[in-house]
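> Here is a sequence with its predicted model. Questions after.
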Number of protein chains: 2
Amino acid sequence: MEILEELKAFRCKDIPYSRVLSSMCTIPHPIAVKAHVEFINTNLGDPAIFRGSAELEREVIGMIGKLLHHSNAKGYVTSGGTEANVQAVRAFRNLKKVERPNVVVPESAHFSFDKAGDVLRVEVRKAKLDDEFKVDVGDVERLIDENTVGIVGIAGTTALGQIDPIEELSKLALEKDVFLHVDSAFGGFVIPFLDLDVKFDFELEGVSSVTVDPHKMGLATIPAGCILFRDSSFLKALVVETPYLITEEQFSLTGTRPATGVASTYAVMKLLGFEGFRRIVRDCIKATRYLVEKMNDLGFEPVIEPVMNVVCFKCEKAFEIRNELYKRGWVISAIRNPRALRFVVMPHANFNVIDEFIEELKKVLRKF
Amino acid sequence: MEILEELKAFRCKDIPYSRVLSSMCTIPHPIAVKAHVEFINTNLGDPAIFRGSAELEREVIGMIGKLLHHSNAKGYVTSGGTEANVQAVRAFRNLKKVERPNVVVPESAHFSFDKAGDVLRVEVRKAKLDDEFKVDVGDVERLIDENTVGIVGIAGTTALGQIDPIEELSKLALEKDVFLHVDSAFGGFVIPFLDLDVKFDFELEGVSSVTVDPHKMGLATIPAGCILFRDSSFLKALVVETPYLITEEQFSLTGTRPATGVASTYAVMKLLGFEGFRRIVRDCIKATRYLVEKMNDLGFEPVIEPVMNVVCFKCEKAFEIRNELYKRGWVISAIRNPRALRFVVMPHANFNVIDEFIEELKKVLRKF
């Protein structure tokens, strides 16, 4: 059909994931796509109609809660990590009821916290990082005042994949009586499958909420984020009344919202299980190490030893190289501080893709 | 496969649209589903990667802009009407920069404005309705003060499908130097296809922004809302910087977001064209009239002569009847003021569905 051909022509101009080494999204698992299509007509904005889908969402929240050491966590499947982070800050702000609220986030926090700050009219204070690019807990403490409604720790930073000292932040949150939100949008489906001796989730008493995105390393279809709260009081702080519906209130940021991400998350988690995710994460880590080797051979040094499948290499000409690669159809990312080339080694970035990339990079480097 | 069978079992508990007479969503057009699937892996949150999808979004914004008398409107495809309304109020608030901002909305405004008020920390003032359930422009004027950043008119209210006097609101907005947002989430794909002598969109000089949801009467897949602004200054008021991406800023409320709704909207608009939508709207209006006849026969009177395919019938026992119907697997809606049974006659609600509903209603009425 002609219209579908037109659409395919637009779609062909998108850069395929096999040329993308910067995104935290990837090709969803085939079962995720099947599950998505099965739920394509659903709307969780009206859970009295879509009661099966709503039941499935509760199931998924329980499964992810269990993964994060709190099977009784309360939350919902969001449009993504941004909605999840906005809703956490909104809940904190609404519960604390101070006149000029602020949150303290690491300098490494994702830009969705700047967005949350503007949207919610909450001041976003940025705490310094230490020389490992983890948040400096002393600086977080210094920034907390009587108007601080919450602090934020990142478990898997966007730039470097670093994990903040969430255990210390948890103690600080309890001591200062502020909420602690953990943004593990990326790390939530990575850290539990690494052999790391690190606590980052609800097993820490001070953690009030966690963001984790199934549409990143959970291999679900977009849109599928997730916000989990320790108890229902946080959700209650978000509700508005919903006339016209049979259910009486709504806590989500969006109104109409599909259950496609719920279904695709469920399908992948059930199919892969803990062992399946462990295997996928292991492969991504292997590919990351392979990339580090190849980059070492070209004289690049990582900014930090990669903690997960995100890695940056010091490079003064990072932006120029990124732009030249983009012209040639390859997408990597560049960061400012420190100036570096940044890679996210998602499941689609296998050894072959890395080999092809390195060949292209060599050509580009000859120009600099 | 076993997991897909499990998912189907959940999906089977959802009430099928053939038993739903309350939702503003419907079964998407078959071509919308095909287009959606083609774009299932896309992410407009990273338009440098998904540049074909981003181009298609600009195309769709142009098409909807043209429908609303402003082919050069600036905007994007949102997660739905709520995000669109929130973003309009946010843009107004950010541009006007007053200390304690307020917006004036009709009492009939959708609950997403209450949500926007809480999220954005903007006071939401509610203007009275006249005896036709249109907003009382005099009351809107009375509520405007030096902290008012914008006013809102509804073109197709959720409860009654009524259209506010947008022309008068436009004059008032210009006179008072406040922005005017029109929420035509439902009406945007209905009013242009009715033979009504009513102006509600950008052809009115005072209109700054319009919400219209392709996933309602546009027969696109969920999620597909749309916010259109008169010019790019409103989008500029929404941007945050986006490190890690090649593009430098982002104005959407969500981060990662699918292009599925963009593709499905494009496909349906191209396939149906103006004449196709006119036919669909005509059929919905016919079915609405048929429902009114049948309800008249049972002694029910509409609250107002239906303007579009939304209709309410006065009924003291509206909530009890709604609840009893729900127990029997039928979903209608009830409103409080005036107490009434509420129906949205979407394309799936054809004459057969209405006949079946009326038979069930007769049985229910015997109990009251």
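Noted; the coordinates are in hand.
> CA atoms only for the helix or strand hosting residue A:209, dumped as PDB, please.
If you go by DSSP states H and E, residue A:209 is part of strand A:207-211. What follows is strand A:207-211, C-alpha atoms only, in PDB (Å, rounded to 0.1, in the frame of the first residue of the first chain):
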ATOM      1  CA  VAL A 207      15.400   4.900  49.800                       C
ATOM      2  CA  SER A 208      11.800   6.200  49.200                       C
ATOM      3  CA  SER A 209      11.600   5.700  45.400                       C
ATOM      4  CA  VAL A 210      13.400   4.200  42.500                       C
ATOM      5  CA  THR A 211      13.200   4.800  38.700                       C
END
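> wait, does that strand contact chain B?
No. With CB under 8 Å from any CB of the partner chain as the criterion, chain B is not reached by strand A:207-211; the gap is at least 11.3 Å. For the C-beta atoms, the positions are set from N, CA and C on the backbone; glycine is no exception.
> which parts of that strand are buried?
A:207, A:208, A:209, A:210, A:211 (16 or more other CB atoms under 10 Å in any protein chain shown).
> three-state assignment of the residue of the stretch 151-300 of chain A found nearest chain B?
Distance from chain B to each residue of the stretch 151-300 of chain A (CB to the nearest CB) is smallest for residue A:255, at 3.8 Å. Secondary structure, DSSP: H, G, I helix; E, B strand; the rest coil: residue A:255 is coil.
> try residue A:188
Going by three-state DSSP: residue A:188 is helix.
> Tell me who's in contact with it.
A:64, A:67-68, A:155-156, A:201, A:210-213, A:217-218, A:226 (CB atoms under 8 Å, 6 or more residues apart in numbering or on different chains).
> If we use 6 Å, what do you get?
Residues in contact with residue A:188 (CB atoms under 6 Å, 6 or more residues apart in numbering or on different chains) are residue A:212.
> Show me where the stretch 101-250 of chain A has its strands.
With strands called from DSSP state E, counting those that start in this stretch, the stretch 101-250 of chain A shows them at A:102-106, A:123-127, A:148-154, A:179-183, A:207-211, A:225-229, A:240-241, A:249-250.
> need these in a markdown table with distance to residue B:92 and mean pLDDT, can you?
As requested, the strands of the stretch 101-250 of chain A are exported to a markdown table (distance: least, CB to CB, whole Å; pLDDT from 0 to 100):
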| stretch | distance to residue B:92 | mean pLDDT |
| --- | --- | --- |
| strand A:102-106 | 24 | 98 |
| strand A:123-127 | 21 | 98 |
| strand A:148-154 | 25 | 98 |
| strand A:179-183 | 29 | 98 |
| strand A:207-211 | 29 | 98 |
| strand A:225-229 | 27 | 98 |
| strand A:240-241 | 20 | 93 |
| strand A:249-250 | 23 | 94 |
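> can you redo the ones you listed as JSON lines with distance to residue A:330?
Output for the strands of the stretch 101-250 of chain A, formatted as JSON lines (distance: least, CB to CB, whole Å):
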{"stretch": "strand A:102-106", "distance to residue A:330": "30"}
{"stretch": "strand A:123-127", "distance to residue A:330": "32"}
{"stretch": "strand A:148-154", "distance to residue A:330": "27"}
{"stretch": "strand A:179-183", "distance to residue A:330": "28"}
{"stretch": "strand A:207-211", "distance to residue A:330": "29"}
{"stretch": "strand A:225-229", "distance to residue A:330": "27"}
{"stretch": "strand A:240-241", "distance to residue A:330": "45"}
{"stretch": "strand A:249-250", "distance to residue A:330": "43"}
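> So for residue A:1, what's the pLDDT?
Looking at residue A:1, its pLDDT is 68.
> which parts of the longest helix along chain A are buried?
As assigned by DSSP state H, the longest helix anywhere in chain A is helix A:260-297. Neighbour-count burial for helix A:260-297, counted by 16+ other CB under 10 Å, picks out A:260-272, A:276-277, A:280-281, A:283-285, A:287-288, A:290-292, A:294-295.
> Could you list the residues in contact with stretch A:231-246?
So stretch A:231-246 is contacted by A:46, A:48, A:74, A:91, A:94-95, A:249-251, B:111, B:114-115, B:158, B:333 (CB under 6 Å, 6+ apart).
> how does it look with 8 Å?
When contacts are defined by CB under 8 Å, 6+ apart, stretch A:231-246 is touched by residues A:46, A:48-49, A:74-76, A:87-88, A:90-91, A:94-95, A:208-209, A:229, A:248-252, B:22, B:111, B:114-115, B:118, B:158-159, B:322-323, B:326, B:331, B:333, B:335-336, B:342.
> Using PDB, list the CA coordinates for that stretch.
Provided in PDB are the C-alpha atoms of stretch A:231-246 (Å, rounded to 0.1, in the frame of the first residue of the first chain):
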ATOM      1  CA  ASP A 231       4.500   2.800  50.100                       C
ATOM      2  CA  SER A 232       1.200   4.200  48.800                       C
ATOM      3  CA  SER A 233       1.500   7.500  50.600                       C
ATOM      4  CA  PHE A 234       3.700   8.800  47.700                       C
ATOM      5  CA  LEU A 235       1.100   7.800  45.100                       C
ATOM      6  CA  LYS A 236      -1.600   9.500  47.200                       C
ATOM      7  CA  ALA A 237       0.400  12.700  47.100                       C
ATOM      8  CA  LEU A 238       0.000  12.600  43.300                       C
ATOM      9  CA  VAL A 239      -3.700  12.000  42.800                       C
ATOM     10  CA  VAL A 240      -6.200  14.100  41.100                       C
ATOM     11  CA  GLU A 241     -10.000  13.300  40.900                       C
ATOM     12  CA  THR A 242     -11.300  11.800  37.700                       C
ATOM     13  CA  PRO A 243     -14.800  12.500  36.900                       C
ATOM     14  CA  TYR A 244     -16.200  10.700  33.800                       C
ATOM     15  CA  LEU A 245     -14.400   7.500  34.900                       C
ATOM     16  CA  ILE A 246     -15.500   4.700  37.100                       C
END
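> residues of that stretch that come out buried?
A:234, A:235, A:237, A:238, A:240, A:242, A:244, A:245, A:246.
> and the residues you listed, which two are the farthest apart?
Within the buried residues of stretch A:231-246, A:234 and A:244 form the most distant pair, 25.4 Å apart (CB to CB).
> okay, now the residue nearest to residue A:270 when sequence neighbours are not counted: neighbour count?
Leaving aside its chain neighbours, residue A:270 sits nearest to residue B:3 (4.9 Å; criterion: CB to CB, 6 or more residues apart in numbering or on different chains). The local packing of residue B:3 (other CB atoms under 10 Å in any protein chain shown) involves 17 other residues.
> follow-up on the earlier one: filter the contacts of stretch A:231-246 down to just the ones in helices.
Among these, the ones falling in helices (DSSP H) are A:87, A:88, A:90, A:91, A:94, A:95, B:114, B:115, B:118, B:322, B:323, B:326.
> Would you mind listing what in the stretch 101-250 of chain A touches chain B?
Contact residues, the stretch 101-250 of chain A versus chain B (CB under 8 Å from any CB): A:111-112, A:114-115, A:118-121, A:158-159, A:213, A:215, A:221-223, A:225, A:240-246, A:250.
> which of these count as buried?
Neighbour counting with 16+ other CB under 10 Å marks A:111-112, A:114-115, A:118-121, A:158-159, A:213, A:215, A:221-223, A:225, A:240, A:242, A:244-246, A:250 as buried within these.
> from what I can see the residue of the stretch 151-300 of chain A closest to chain B touches residue B:80, true?
Yes. Using CB atoms under 8 Å, residue A:255 is in contact with residue B:80, at 5.5 Å.
> List the residues that are in contact with both of those two.
residue A:45.
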